[in-house]
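S.K.: Return a 3D structure for these sequence lines:
(chains A, B, C and D)
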Protein chains: 2
Amino acid sequence: MTLTTAEENYLKAIYHLSEGGTKSVSTNDVAAEMKTKPASVSDMLRKLGDKQVIEYRKYYGVNITEEGKKRALQTIRKHRLWEVFLVDKLQFAWDEVHEVAEELEHIQSPLLIQRLDAYLNYPKFDPHGDPIPDEYGDVRARPRLALIEMEVDQSGQIVAVKDSSAAFLKYLDKVGAYIGARIKILDKVEFDGSMEILVDQKKTLFMSKDVAANILAIQS
Amino acid sequence: MTLTTAEENYLKAIYHLSEGGTKSVSTNDVAAEMKTKPASVSDMLRKLGDKQVIEYRKYYGVNITEEGKKRALQTIRKHRLWEVFLVDKLQFAWDEVHEVAEELEHIQSPLLIQRLDAYLNYPKFDPHGDPIPDEYGDVRARPRLALIEMEVDQSGQIVAVKDSSAAFLKYLDKVGAYIGARIKILDKVEFDGSMEILVDQKKTLFMSKDVAANILAIQS
DNA sequence: TTATTGATTTAGCCTTGGCTAAAAATAAAA
DNA sequence: TTTTATTTTTAGCCAAGGCTAAATCAATAA
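M.R.: You can find the predicted model right below:
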């Protein structure tokens, strides 16, 4: 049983909306996420229900099934692998890749993805720091925490930002921090919560607690 | 003015059917090429005519316009660049790439193609020996040369024979050479001018200098 | 010149994935 | 408990790309 491109996109949206909570996802939420109308969503939910990738009870929203979760994770895997390709191999900036990956993720060829994965050296995170599921849909996500939550002397790697406004990204770029950077906490100032961070074992960076709260890292 | 995936595929088919001859392409020919029905083709020709990429006169077939030719060549360029990527970077066999490239060629991103071209080092031929149009749609003419003129380790594709007598073609068929075959020169014997040729990456062929002088190939 | 044949187009229908407007069901407030 | 507000579904329509069957045009043969 195959899914169309539109169906794959809906399923991915439902998967994302389901993350965290255990409650059903509402038709309205899906419509907002997909930038479409609730009426269109109702039709699609019926189709996805028929295909067993979601459990759909009229008027009560949907829950994604195990099969659906597996499908969604495959699509997410493809999306994120393509993002790595675009950034690592084709020199795209990490904030330029989403649209293109959105198209590439629907190419149907298991061999292609297998080979791409190998070619990229089996990456575990995409350029935004989001984990890449393996071919069975397993995500080995190390817990992400804000820099502000880390202790002095802990090391890690920047994997994402909470606030991805242009202003903030520009700031990060200016001071020399970036997704993927290796960092170590050198000091935390009790007084104002500001921090001193070692970047790539050479550059020392001072940041306010507001900035430190907006940068997510994995510990190593 | 953008073309849908279906329109791009029709236009590509019409371009290929136009190659060589100057006569109009018939609805039936397009239907055969697209593996669809003439009735469906009529509708599509009207649409492509409206978009000015073909000149369509009811009952008299179509001619591709300059704009249409440019569009078709862009699609062909994308297709062939992706084929090079799949073979050179992802280790696909040259006869496994067509289907996947058929999907990849419709990804919309000029930047992607520009970068891919650079990443592949501006290849001039795809893995089948077909030329890759540049970003303005210019196609470099394929220099044909006799096998006897090629050097050891050069690769290419058989594109024609000088002597097309039945006897010679029968001989070619018997030894497993054919128009379109991918070949690589393994050895040239100084003594008698005979050659050792690898055909389709698997079969080794010995041929006299008379035979090698009668087979034309393009280098890749 | 007319009749016939073969190619082509038109008419009408199907599916997918959108939409709006109206109806219906649920949830919240009185 | 009944009314009201909100959410969701249904009904009916649209465009893209397919299809079949029927009509029409162009080219050929008589």
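S.K.: contacts and neighbour counts: CA atoms only from here.
M.R.: Will do.
S.K.: what's the longest helix in chain A?
M.R.: Criterion DSSP state H: the longest helix present in chain A is helix A:66-84.
S.K.: tell me what that one is packed against?
M.R.: helix A:5-18, helix A:98-104, helix A:110-119 (3 or more C-alpha pairs under 8 Å, 6 or more residues apart in numbering or on different chains; DSSP states H and E).
S.K.: contact partners of the second one?
M.R.: Which is helix A:98-104. Helix A:98-104 is contacted from outside by A:78, A:79, A:80, A:82, A:83, B:104, B:107, B:108, B:109, using C-alpha atoms under 8 Å, 6 or more residues apart in numbering or on different chains.
S.K.: Quick one: buried ones out of the residues you listed?
M.R.: A:78, A:79, A:80, A:82, A:83, B:104, B:107 (16 or more other C-alpha atoms under 10 Å in any protein chain shown).
S.K.: Let me know which of the helices and strands packed on helix A:66-84 is the nearest to residue A:156.
M.R.: Closest to residue A:156 of those is helix A:110-119 (C-alpha to C-alpha; 23.9 Å).
S.K.: quick one on the thing from earlier: distance to DNA strand D and pLDDT added to the contacts of helix A:98-104, as JSON lines?
M.R.: Output for the contacts of helix A:98-104, formatted as JSON lines (distance: C-alpha to the nearest atom of the strand, whole Å; pLDDT from 0 to 100):
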{"residue": "A:78", "distance to DNA strand D": "25", "pLDDT": "98"}
{"residue": "A:79", "distance to DNA strand D": "24", "pLDDT": "98"}
{"residue": "A:80", "distance to DNA strand D": "28", "pLDDT": "97"}
{"residue": "A:82", "distance to DNA strand D": "25", "pLDDT": "98"}
{"residue": "A:83", "distance to DNA strand D": "27", "pLDDT": "97"}
{"residue": "B:104", "distance to DNA strand D": "16", "pLDDT": "98"}
{"residue": "B:107", "distance to DNA strand D": "14", "pLDDT": "98"}
{"residue": "B:108", "distance to DNA strand D": "14", "pLDDT": "95"}
{"residue": "B:109", "distance to DNA strand D": "18", "pLDDT": "97"}
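S.K.: Output the helix or strand hosting residue A:157 as PDB, restricted to C-alpha atoms.
M.R.: Assigned by DSSP states H and E, residue A:157 belongs to strand A:155-161. Presented in PDB, the C-alpha positions along strand A:155-161 are these (Å, rounded to 0.1, in the frame of the first residue of the first chain):
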ATOM      1  CA  SER A 155      31.200  19.500  26.800                       C
ATOM      2  CA  GLY A 156      28.800  19.000  23.900                       C
ATOM      3  CA  GLN A 157      27.700  20.100  20.500                       C
ATOM      4  CA  ILE A 158      25.300  22.800  19.400                       C
ATOM      5  CA  VAL A 159      22.400  21.100  17.600                       C
ATOM      6  CA  ALA A 160      19.600  23.600  17.400                       C
ATOM      7  CA  VAL A 161      18.200  27.000  18.400                       C
END
